[in-house]
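[1] 3D, please:
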Amino acid sequence: MNSKLIFSQAGVFRLQQLASLIYRHTGVRHKLSSQRGQLDLLLDGTRSPHADVRNCCAHLADELHPHQLSALRSEGVVLTPSTLVTEKAG
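    Prediction:
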């Protein structure tokens with residue numbers, strides 16, 4: 001990824017929430033101060049079999065701008081906003 005991801009305050013909160021959930025389920029800690037750590041966390045989150053982790057990823061996606069979601073997709077991280085997850089479930 002060429003540019004650094006900048007998260008809003010709400011996005012940082014969701015990222016920390018995701019890190020906590022991943023740690024609780026797997027025991028793996030991610031270094032949120034580095035871009036690689038953030039990307040690894042997001043990849044682990046999108047691959048998780050746990051509904052609470054996937055839900056947290058969806059809410060994080062809600063906080064991101066389209067260009068951020070696009071940049072993450074280019075790194076193999078596909079986040080689906082919660083509104084789309086809800087529509088598919090209904």
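[2] Tell me which helix or strand Lys31 sits in.
    Lys31 is part of no helix or strand when elements are defined by DSSP states H and E.
[3] So it is in contact with Leu39, correct?
    No: with contact defined as Cβ atoms under 8 Å, Lys31 and Leu39 do not form a contacting pair (10.8 Å). Yep, even glycine has a C-beta here, placed from its N, CA and C like the rest.
[4] what about stretch 19-32, start to end distance?
    Start to finish, the residues bounding stretch 19-32 are 8 Å apart (Cα to Cα, to the nearest Å).
[5] Which residues does that stretch contact?
    For stretch 19-32, the surrounding residues in contact (Cβ atoms under 8 Å, 6 or more residues apart in numbering) are 15-16, 37-38, 40-41, 44-45, 48, 50, 52-53, 56.
[6] Now do stretch 23-42: distance to the chain's middle.
    10 Å (Cα atoms, centre = their mean, to the nearest Å).
[7] next one: phi and psi at Val12?
    For Val12, the backbone dihedrals (degrees, to the nearest 10) come out as phi -60, psi -40.
[8] and it, how many neighbours?
    By other Cβ atoms under 10 Å, 14 other residues sit near Val12.
[9] again, but for Val28
    Val28 is flanked by 11 other residues according to other Cβ under 10 Å.
[10] Likewise for Ser34?
    The local packing count at Ser34 equals 10, with neighbours defined by other Cβ under 10 Å.
[11] And Lys31 and Leu39? Which one has more around it.
    For Lys31 and Leu39, the more surrounded residue by other Cβ under 10 Å is Leu39, and the numbers stand at 17 against 12.
[12] Now that one. Nearest residue, chain neighbours left out?
    Counting by Cβ to Cβ, 6 or more residues apart in numbering, Leu39 lies nearest to Glu75, which is 5.7 Å off, once chain neighbours are set aside.
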